[in-house]
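1. Take a look and give me a structure for this.
(chains A and B)
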Amino acid sequence: MPSYKLTYFDGRGRAELTRLLFAQSGKAFEDVRVQGEEWSKLKPNTPWGSLPILEVDGKMLGQSIAIARYVAKAVNLAGKDEWEQAIADSIVDAAVDLFPPIGKYKFESDETKKAELKKNFDEKTLPAYLQNMSKQLGKNEYFVGKSVTWADLAVISMWEMVPENDLCHANLKEHCSRIKKLPNIAAYLKKRPETAF
Amino acid sequence: MPSYKLTYFDGRGRAELTRLLFAQSGKAFEDVRVQGEEWSKLKPNTPWGSLPILEVDGKKLGQSIAMARYVAKAANLAGKDEWEQAIADSIVDAAVDLFPPIGKYKFESDETKKAELKKNFDEKTLPAYLQNMSKQLGKNKYFVGDSVTWADLAVFSMWEMIPENDLCHDNLKEHRSRIEKLPKIAAYLAKRPKTDF
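-> Take a look at the predicted model:
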């Protein structure tokens, strides 16, 4: 059994997908959250000068989606064959495409510009994204194949950044509810720390 | 033998990594390049309303990195075990992180803002990126393990967007030269169409 240590800031952000994967799989991992000073010291020792990093028996891996995929494969949640794995990969890539536009308006300091960006996000970016996700899911229970994969976890982890009423599409709302009720996920959501992001 | 059809605009952009993979593997594929009108008609029939798409025996896959990984795996260029595959994934993710900042200044219409963005790219973004890549490669011939993987091709394909002299780090220059000279890559580069992007 390898030892897993995940290091990130004290928030969900780019690490939450990996935490959800560990939760769903039941595999133990050390969930390290660093603050200001600690990060400055750690940064030069990380592969890309960024977080999250995953240490597996002491070997370091960076880049959040590469980390999540590695864990998904280790816990058989990556997809059952090469094609399903590719479809899952494509859904995860599409899902995390929501991070940049959200970051863009959140971190804009000019109030007028910020309001413009938020308006564009609400009226164009998010509806298009939801449309794509809803079309991809269709009438299926899961995004890939007939059971949970990391694609389902990736999609629901993105909804945490969007107000609950904004999902619009019934199939996406039902999917979100279905995933959140998976026993290991429900238990994890109940006990995870409340954080600002 | 599955049939492969790659569809993109008439340029390197987000499809070139997959084209390099087909070239290195020797696998045949149909290299479709669409123009304006054709794209408007095709768009609603793509999984994500975007290009490139890859059709394998008629089944469609979207998202450029997911399709490149699928082809890399089919061509045994993804990495020799789960850990090496994860490292390769992380390098590819880091490599393509250069697309957004380049796009940002290239497509900025305001000349003053454009010059600012280019300056920031040249003085901060690119040097940090090169530093990370150079550190990741170290004294090795290839980015992952002892032979070519898609990580080498991904890094190589990004250099086409920056002036040749800007690589700065010797190990990166040698690596680029090494990849350029791989017989199948050299042959591909000699005959591929010349395009704006």
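2. State the distance from the residue lying closest to A:Val75 once chain neighbours are set aside to chain B.
-> Spatial nearest neighbour of A:Val75, excluding adjacent residues (Cβ to Cβ, 6 or more residues apart in numbering or on different chains): A:Ser25 at 3.5 Å. (Each C-beta comes from the backbone N, C-alpha and C, glycine too.) Distance from A:Ser25 to chain B, counting by Cβ to the nearest Cβ, to the nearest Å: 15 Å.
3. Mind giving me the packing neighbours of the helix ranked longest in chain A?
-> Counting by DSSP state H, the longest helix found in chain A is helix A:82-96. In terms of contacts (3 or more Cβ pairs under 8 Å, 6 or more residues apart in numbering or on different chains; DSSP states H and E), helix A:82-96 is packed against helix A:64-74, helix A:126-137, helix A:150-159, strand B:59-62, helix B:64-74.
4. same thing but 10 Å
-> When contacts are defined as 3 or more Cβ pairs under 10 Å, 6 or more residues apart in numbering or on different chains; DSSP states H and E, helix A:82-96 sits against helix A:16-25, helix A:64-74, helix A:126-137, helix A:150-159, strand B:53-56, strand B:59-62, helix B:64-74.
5. What residues does A:Ala74 make contact with?
-> Contact partners of A:Ala74, counting by Cβ atoms under 10 Å, 6 or more residues apart in numbering or on different chains, are A:Pro2, A:Tyr4, A:Leu21, A:Phe22, A:Ser25, A:Lys27, A:Val56, B:Glu82, B:Ala86.
6. I'd say the residue nearest to A:Val75 and A:Ala72 touch.
-> Yes. Counting by Cβ atoms under 10 Å, A:Ser25 touches A:Ala72, with 8.8 Å between them.
7. Looking at those two, which has the bigger crowd around it?
-> Higher neighbour count among A:Ser25 and A:Ala72: A:Ala72, with 27 against 16, using other Cβ atoms under 10 Å in any protein chain shown.
8. what sits against the more buried one?
-> A:17-18, A:21, A:24-25, A:65, A:78-79, A:85, A:88-89, A:92, A:149-151, A:153-154.
9. In contact with the residue nearest to A:Val75, which residues are there?
-> Residues in contact with A:Ser25 (Cβ under 10 Å, 6+ apart) are A:Val71, A:Ala72, A:Ala74, A:Val75, A:Asn76, A:Leu77, A:Asn184.
10. In terms of pLDDT, where does it sit?
-> Listed pLDDT for A:Ser25 reads 98.
11. same question, A:Pro163
-> A:Pro163 is given a pLDDT of 80.
12. Any chance of TSV for the helices and strands packed on helix A:82-96, columns distance to B:Ala115?
-> Listed next are the helices and strands packed on helix A:82-96 as TSV, based on distance: least, Cβ to Cβ, whole Å:
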stretch	distance to B:Ala115
helix A:16-25	38
helix A:64-74	32
helix A:126-137	31
helix A:150-159	35
strand B:53-56	36
strand B:59-62	35
helix B:64-74	29
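13. Among these, which comes closest to B:Lys43?
-> strand B:53-56 (10.2 Å; Cβ to Cβ).
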